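1. Generate a structure from the sequence data that follows.
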Amino acid sequence: MASSPIDLTGSNAVPMIGSSVAVPAHWRDFLALTKPRVMTLVVFTALCGLLAAPGNIHPVIAFTAILCIAVGAGAAGALNQWYEADIDGMMKRTAKRPLPAGRMDRQSALHFGVGLSVFSVVLMGLATNWLAAGILAGSILFYVVVYTAWLKPRTVQNIVIGGAAGAFPPVIGWAAVTGDVTALPIALFALIFFWTPPHFWALALFVKMDYQNAGIPMLPVVEGEVSTRRQIWFYTAIMAAAAMAPVLLRLTGPIYGTVAFLCTAIFAVMAFQVGHRRESDPAKMLPEKRLFKFSILYLFLLFGSLVVDRWVFA
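-> Below is the predicted model of the structure:
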């Protein structure tokens, strides 16, 4: 699909998405490719995994590890936007991104994403250990190849399986310190994995037309809002079990347990409100928007309390 016509020279030159036309890109466009808002949560959960891990790590090495995770996440975002440039142009929410808006050529985005990927993985391996580097490489490949290229355009379960990509950061942070993966980082992986569907489907409910126009088989488009609301509630119940698992397995103490219980109860109430609504007017989807916003705060609170808990009761 062609991008919006943009006169770059004062002539009739029109850059096309995927063409070889050289489009001058500002540094802000490269930054936008990395999806910095998404990266914030990735970096935070990775940092919490690193801080909660037993053992010591030099502050410079710790900073390098978190930098590598941030750069790797940015690389995945850049490659995602390179692959989905045409789709992004069909969606109101993403149409102003650098590629569909015509501010950057597609090849530059590809080179940028691949370069960041290689840099982040190699530096992680040299600075910490190759297990952490291998998991980082796997997370990038999973997001770009498994989720973006394979699952997203083919199945309504795209975000369920694809949620694994966003669940790797705390595991990588932990492995950077310890060189292994034990029960607690696996529990944190499960928490983010089961958190992703209710978080993302709450968003999908009020941007459903974007996905429909782009031909993406998101759950609200294929199975309707009633089924989506029911599954938000279903996955919230599984997420609640995953959130409390570290307490039940005695991997954490009362600080995390208290915060997890209270925040999960609030999350469940919001999910219940969403699950029992039948309103299809996007302008009136306040419960869905509240759930989406709280779901982000939810992870910040649980992971932050985990670090405090581990430091107090270690």
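
2. show me what contacts the nearest residue to Gly179 once chain neighbours are set aside?
-> Nearest residue to Gly179 in three dimensions, chain neighbours excluded: Asn129, at 4.8 Å (CB to CB, 6 or more residues apart in numbering). Backbone N, C-alpha and C define where each C-beta goes, glycine included. Residues in contact with Asn129, defined by CB atoms under 8 Å, 6 or more residues apart in numbering, are Ala175, Ala176, Gly179.

3. now those residues as CSV including pLDDT, secondary structure and neighbour count?
-> Below are these laid out as CSV (pLDDT from 0 to 100; DSSP: H, G, I helix; E, B strand; the rest coil; neighbours: other CB atoms under 10 Å):
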residue, pLDDT, secondary structure, neighbour count
Ala175, 98, helix, 28
Ala176, 98, helix, 29
Gly179, 97, coil, 14
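
4. Mind pulling the model confidence for Arg37?
-> We have a pLDDT of 89 for Arg37.

5. any idea how far it lies from Val43?
-> Applying CB to CB, to the nearest Å, the value for Arg37 to Val43 is 11 Å.

6. and the longest helix seen in the chain, how far from the chain's centre?
-> Longest helix in the chain by number of residues (criterion: DSSP state H): helix 286-313. Mean-position distance between helix 286-313 and its chain equals 15 Å (CA atoms, centre = their mean, to the nearest Å).

7. Okay, buried residues for that helix please.
-> 287-288, 291-292, 294-295, 298-299, 301-310 (16 or more other CB atoms under 10 Å).

8. Next: stretch 256-273.
-> Tyr256, Gly257, Val259, Ala260, Cys263, Thr264, Phe267, Ala268, Met270, Ala271, Phe272, Gln273.

9. now these in JSON lines, with secondary structure?
-> Compiled in JSON lines, the buried residues of stretch 256-273 are given as follows (DSSP: H, G, I helix; E, B strand; the rest coil):
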{"residue": "Tyr256", "secondary structure": "helix"}
{"residue": "Gly257", "secondary structure": "helix"}
{"residue": "Val259", "secondary structure": "helix"}
{"residue": "Ala260", "secondary structure": "helix"}
{"residue": "Cys263", "secondary structure": "helix"}
{"residue": "Thr264", "secondary structure": "helix"}
{"residue": "Phe267", "secondary structure": "helix"}
{"residue": "Ala268", "secondary structure": "helix"}
{"residue": "Met270", "secondary structure": "helix"}
{"residue": "Ala271", "secondary structure": "helix"}
{"residue": "Phe272", "secondary structure": "helix"}
{"residue": "Gln273", "secondary structure": "helix"}
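
10. Reformat those residues as CSV; add distance to Leu219 and pLDDT.
-> Below are the buried residues of stretch 256-273 laid out as CSV (distance: CB to CB, whole Å; pLDDT from 0 to 100):
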residue, distance to Leu219, pLDDT
Tyr256, 31, 98
Gly257, 32, 97
Val259, 30, 98
Ala260, 27, 98
Cys263, 25, 98
Thr264, 22, 98
Phe267, 19, 98
Ala268, 20, 97
Met270, 18, 95
Ala271, 15, 95
Phe272, 18, 93
Gln273, 18, 90
